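> Coordinates for the following, if possible.
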Amino acid sequence: MSSKLIKRISAVALGAAMIVSAAACGTNNAGSGDSSSSSSSNKGYDVSSIKKDDAIAALLPESVSKDGKLTVGSDTSYAPAEFLDEDGKTPIGFDVDLTKALAAVFGLKAVTVSSTFDSIIPSVGSKYDIGISSFTVTKERLAAVDFVTYFNAGSTFVVQKGNPKKIDTSDLCGHKLAVQTGTTQESAAQTLDKQCSADGKKPIQIQSLKMQTDVTTAVASGKADAFYADTPVAGYAIKQTGDTLQALGKDVDIAPEGIVVKKGDAATVQAVQKAMQKLMDDGTYKKILSTWGVSSGAIDKAEVNPSVE
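Numbers count the residues shown, from 1 in each chain. Below is the predicted model of the structure:
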């Protein structure tokens, strides 16, 4: 997530607005879902043609490969990167497809485990082999884990269609702003709120919610004036709500997102970097992004622990 913001809504419109919410709400701690399941109504990208690369697979430590699975922590409330299909249990999205592709290169079975966003980093290396959940690479996170970059994303403010609250992104003081807990957008909101206090203005009423679906619903239902999220997520939310929401202003803070690896696990970092670079070089990576309509965030080099501000 990045360094990373309707009441023209009837009950029916709100239901349509949260097309994935019913599946995601209440299932965030449901455990693991097999990301290779064939039950998904949205098949995403077919990775069945991807062959194991023995040389790259050999780089993985036995602690990762011995069970035959690549277990990945992911907050499956963040469409279109990672979310649950209509069955309420099958993870789908471009991050999930990339997980499947990486696992195929390693000759492993991909397993995406649904979790709350802020619990993933502390669990990488113990509960999860790696974390793939739209993590923006930040200095603070680099102090705790290692990263392999795979995507660029900005941040976007979203309001109800027509901006009925007359929100100005340059002055959010006094407004209700929804963000997902643990994201760089939450940190940005807190920084903006401190500035409001320094300027003697009303505080920003920050609504920090565990799931992005709840963040979107807060604005759709009028409980929040705006939300702030990664640009691909904001765009998807606008599309899924039937244009009852709209982006406000330009995308800001474009930054790299990375795959999370346990700090100091050089072998896994090297294996993940080479596997991702292979997918970039052979065209698989861009095909996956195109499948989900997020090609604008494509990069051509998977970097380890890039310098960030």
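> Show the residue spans covered by the helices in the protein.
For the chain, helices defined by DSSP state H occupy the ranges 11-17, 21-24, 54-57, 62-65, 94-106, 117-123, 139-142, 184-198, 212-220, 231-240, 266-281, 284-291.
> May I see these arranged in a markdown table, with mean pLDDT, distance to Thr76 and mean neighbour count as well?
From N, CA and C alone the C-beta is placed, and that goes for glycine too. Listed next are these as a markdown table, based on pLDDT from 0 to 100; distance: least, CB to CB, whole Å; neighbours: other CB atoms under 10 Å:
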| stretch | mean pLDDT | distance to Thr76 | mean neighbour count |
| --- | --- | --- | --- |
| helix 11-17 | 32 | 18 | 14 |
| helix 21-24 | 30 | 6 | 20 |
| helix 54-57 | 98 | 26 | 14 |
| helix 62-65 | 96 | 21 | 16 |
| helix 94-106 | 98 | 8 | 26 |
| helix 117-123 | 97 | 10 | 19 |
| helix 139-142 | 97 | 20 | 14 |
| helix 184-198 | 97 | 18 | 17 |
| helix 212-220 | 95 | 10 | 27 |
| helix 231-240 | 90 | 12 | 23 |
| helix 266-281 | 98 | 20 | 20 |
| helix 284-291 | 96 | 17 | 19 |
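> And those helices: which comes nearest Tyr78?
Closest of the helices of the chain to Tyr78 is helix 212-220, at 4.8 Å (criterion: CB to CB).
> how about the CA coordinates for that closest one, as PDB?
Provided in PDB are the C-alpha atoms of helix 212-220 (Å, rounded to 0.1, in the frame of the first residue of the first chain):
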ATOM      1  CA  GLN A 212     -11.000  -1.500   2.700                       C
ATOM      2  CA  THR A 213     -14.500  -2.700   1.900                       C
ATOM      3  CA  ASP A 214     -15.600  -1.000   5.200                       C
ATOM      4  CA  VAL A 215     -13.700   2.200   4.200                       C
ATOM      5  CA  THR A 216     -15.500   2.300   0.900                       C
ATOM      6  CA  THR A 217     -18.900   1.700   2.500                       C
ATOM      7  CA  ALA A 218     -18.300   4.500   5.000                       C
ATOM      8  CA  VAL A 219     -18.200   7.000   2.100                       C
ATOM      9  CA  ALA A 220     -20.900   5.400   0.100                       C
END
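> before we move on, back to that, please produce JSON lines containing the helices of the chain, extended by distance to Ser48.
Below are the helices of the chain laid out as JSON lines (distance: least, CB to CB, whole Å):
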{"stretch": "helix 11-17", "distance to Ser48": "33"}
{"stretch": "helix 21-24", "distance to Ser48": "25"}
{"stretch": "helix 54-57", "distance to Ser48": "17"}
{"stretch": "helix 62-65", "distance to Ser48": "20"}
{"stretch": "helix 94-106", "distance to Ser48": "8"}
{"stretch": "helix 117-123", "distance to Ser48": "27"}
{"stretch": "helix 139-142", "distance to Ser48": "33"}
{"stretch": "helix 184-198", "distance to Ser48": "35"}
{"stretch": "helix 212-220", "distance to Ser48": "30"}
{"stretch": "helix 231-240", "distance to Ser48": "25"}
{"stretch": "helix 266-281", "distance to Ser48": "15"}
{"stretch": "helix 284-291", "distance to Ser48": "12"}
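> Out of those helices, the one nearest Val308 is which?
Among the helices of the chain, helix 139-142 comes nearest to Val308, with 6.1 Å by CB to CB.
> ok, and what's touching the closest one?
Contact with helix 139-142 is made by 121, 135, 147, 260, 305, 308-309, as judged by CB atoms under 8 Å, 6 or more residues apart in numbering.
> And for stretch 264-277?
Contact with stretch 264-277 is made by 53, 56-57, 59-61, 64, 98, 102, 105-106, 125, 129-130, 146, 148, 150, 259, 261-262, 285, 301-304, as judged by CB under 8 Å, 6+ apart.
> one more time with 6 Å, if that's ok
Here stretch 264-277 makes contact (CB atoms under 6 Å, 6 or more residues apart in numbering) with 56, 59-61, 64, 102, 105, 146, 148, 150, 259, 261, 302, 304.
> Tell me the residue in this protein that is farthest from the middle.
Farthest-out residue of the chain from its mean C-alpha position, per CA atoms, centre = their mean: Gly200, at 34.6 Å.
> State the mean pLDDT of the longest strand seen in the chain.
Identified as the longest strand of the chain according to DSSP state E is strand 245-262. Averaging pLDDT along strand 245-262 yields 94.
> buried stuff in it?
Buried residues in strand 245-262, counted by 16 or more other CB atoms under 10 Å: 245-248, 251-253, 255-262.
> so which pair among these is furthest apart in space?
Checking the buried residues of strand 245-262 with CB to CB, the most distant pair is Gln246 and Lys262, at 40.1 Å.
> Roughly how far does the residue nearest the centre of the chain sit from Val72?
In the chain, the C-alpha nearest the mean C-alpha coordinate belongs to Ser134, at 3.2 Å (CA atoms, centre = their mean). Distance of Ser134 to Val72, given as CB to CB, to the nearest Å: 13 Å.
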